[in-house]
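A.B. asks: Fold the following for me, if possible:
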Amino acid sequence: MDRSRIPQGYTPLLNIYETQKAIGLLHRLFEDRLSGALRLHRVSAPLFVAKSSGLNDDLNGVERPVAFDIRGVSDTAVVVHSLAKWKRLALKRYQFHPGEGLYTDMNAIRRDEDLDNLHSAYVDQWDWEKIITAEDRNLDYLKNTVRAIVGALRDTQAFLRSVFPQLSVLPELPGEVTFVTSQELEDLYPDFTAKERENAFVREHPVSFLIGIGGKLRSGKPHDGRAPDYDDWDLNGDLLFWNEPLQCSYELSSMGIRVSPESMDRQLTAAGCDDRRELPFHKAVLNGELPYTIGGGIGQSRLCMLLLGSAHIGEVQASVWDNATREACEKAGIPLL
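C.D. replies: Numbers count the residues shown, from 1 in each chain. Next comes the predicted model:
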């Protein structure tokens with residue numbers, strides 16, 4: 001088992017039947033709390049989009065989407081990596097107004113993912129997007145949105161623990177979110193890798209939001225890669241939690257205030273992606289034709305891991321795993337779905 005690991009003495013808190021019940025309840029609870037907190041309405045979303053549309057998320061810029069042809073259609077279809085760009089376009093098409101937004105189930109295949117306890121080739125998350133005004137494009141608005149999401153998570157955890165008392169042995173999610181910039185993190189731990197910095201900080205601050213991902217730090221390197229055409233690199237971040245069974249930090253949500261025409265212009269050039277300027281979505285942003293928005297994705301299986309105390313994402317999600325992972329989990333008494 002090269003990439004996945006079994007924590008010593010780990011035992012699932014729920015059996016496989018209880019786990020399935022808890023997953024269903026958790027989904028219903030959190031969707032209700034999230035949509036209420038952020039004024040979101042549920043919509044349908046695509047599993048794949050036309051390659052020429054430029055709507056697929058390039059993530060860190062190196063991942064290969066699953067592509068296929070469709071009989072009678074001249075364009076190649078690509079399975080979405082996320083719906084970051086599609087959601088912004090949908091808000092305009094569906095005639096949403098400032099202060100309200102949408103959410104949807106996003107299912108994706110990420111074929112180049114390195115499989116381990118936290119990563120699967122199958123991605124399931126709540127994707128959400130909300131229209132804001134130009135005046136809302138600031139850090140205070142971003143932070144207040146993060147606090148609202150954490151409040152929805154805490155409400156979900158409290159109800160879930162009342163139904164499944166076994167979960168009460170897990171730490172209660174703190175109400176206070178610690179905000180830190182990626183530059184502050186690099187300054188605190190200059191000799192650490194990005195992941196080591198996150199682990200060191202989140203160990204002491206178990207609910208943290210890391211601000212500013214994508215742009216270069218003073219070291220000359222970004223904290224992490226982020227595509228230049230959806231998040232504003234100065235107004236985005238990752239919501240990080242401490243995973244007790246694995247004793248590590250992990251990202252539950254990547255989110256941010258989306259690019260303005262000005263910030264997309266800067267970021268496309270900085271990333272060496274000026275060729276994207278002629279794609280339909282990018283032209284619409286650069287021409288000021290799309291609304292200002294904030295949005296993100298919240299991992300469904302990762303939230304289940306957090307609130308059910310799971311050590312492996314395969315305990316809460318059906319996917320494909322290598323033989324070594326399956327054998328090690330079976331030997332440790334960890335059922336993979």
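A.B. asks: C-alpha only now, for contacts and for neighbours.
C.D. replies: Noted.
A.B. asks: residue ranges with poor pLDDT in this protein?
C.D. replies: Low-confidence segments of the chain, defined by pLDDT under 70, are located at 1-4, 58-62.
A.B. asks: Tell me where it has helices.
C.D. replies: For the chain, the helices defined by DSSP state H occupy 16-38, 84-93, 139-163, 182-188, 194-204, 261-270, 280-286, 300-308, 323-331.
A.B. asks: in the fifth one, what counts as buried?
C.D. replies: Meaning helix 194-204. Within helix 194-204, the residues scored as buried using 16 or more other C-alpha atoms under 10 Å are A194, R197, E198, N199, A200, F201, V202, R203.
A.B. asks: picking that back up, deepest of the helices of the chain, which one?
C.D. replies: helix 300-308 (a mean of 24; mean count of other C-alpha atoms under 10 Å).
A.B. asks: Can you add distance to D69 and give the helices of the chain back as TSV?
C.D. replies: Below are these laid out as TSV (distance: least, C-alpha to C-alpha, whole Å):
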stretch	distance to D69
helix 16-38	33
helix 84-93	20
helix 139-163	38
helix 182-188	41
helix 194-204	38
helix 261-270	29
helix 280-286	21
helix 300-308	29
helix 323-331	31
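A.B. asks: Out of those helices, the one nearest L170 is which?
C.D. replies: Nearest to L170 among the helices of the chain is helix 300-308; the distance by C-alpha to C-alpha comes to 8.0 Å.
A.B. asks: what are the bridge partners for G256, then?
C.D. replies: N236, G295 (DSSP bridges).
A.B. asks: Check the burial of it by counting its neighbours.
C.D. replies: Using other C-alpha atoms under 10 Å, G256 has 30 neighbouring residues.
A.B. asks: thinking again about what came up before, can you say which of the helices of the chain is nearest to E129?
C.D. replies: helix 84-93 (6.1 Å).
A.B. asks: buried sites along stretch 222-238?
C.D. replies: So for stretch 222-238, counting by 16+ other C-alpha under 10 Å, buried means 222-223, 226-238.
A.B. asks: Please list all residues in contact with the spatially closest residue to G297 that is not a sequence neighbour.
C.D. replies: In this structure, G297 finds its nearest non-sequential neighbour in D127, 4.4 Å apart by C-alpha to C-alpha, 6 or more residues apart in numbering. Shown in contact with D127 (C-alpha atoms under 8 Å, 6 or more residues apart in numbering): S82, L83, A84, Y103, T104, D105, M106, G295, G296, G297, I298.
A.B. asks: Please tell me how far the residue nearest to H205 when sequence neighbours are not counted sits from M106.
C.D. replies: Among residues not flanking H205 along the chain, T178 sits closest, at 6.5 Å (C-alpha to C-alpha, 6+ apart). T178 sits at a distance of 28 Å from M106 (criterion: C-alpha to C-alpha, to the nearest Å).
A.B. asks: All set now, cheers.
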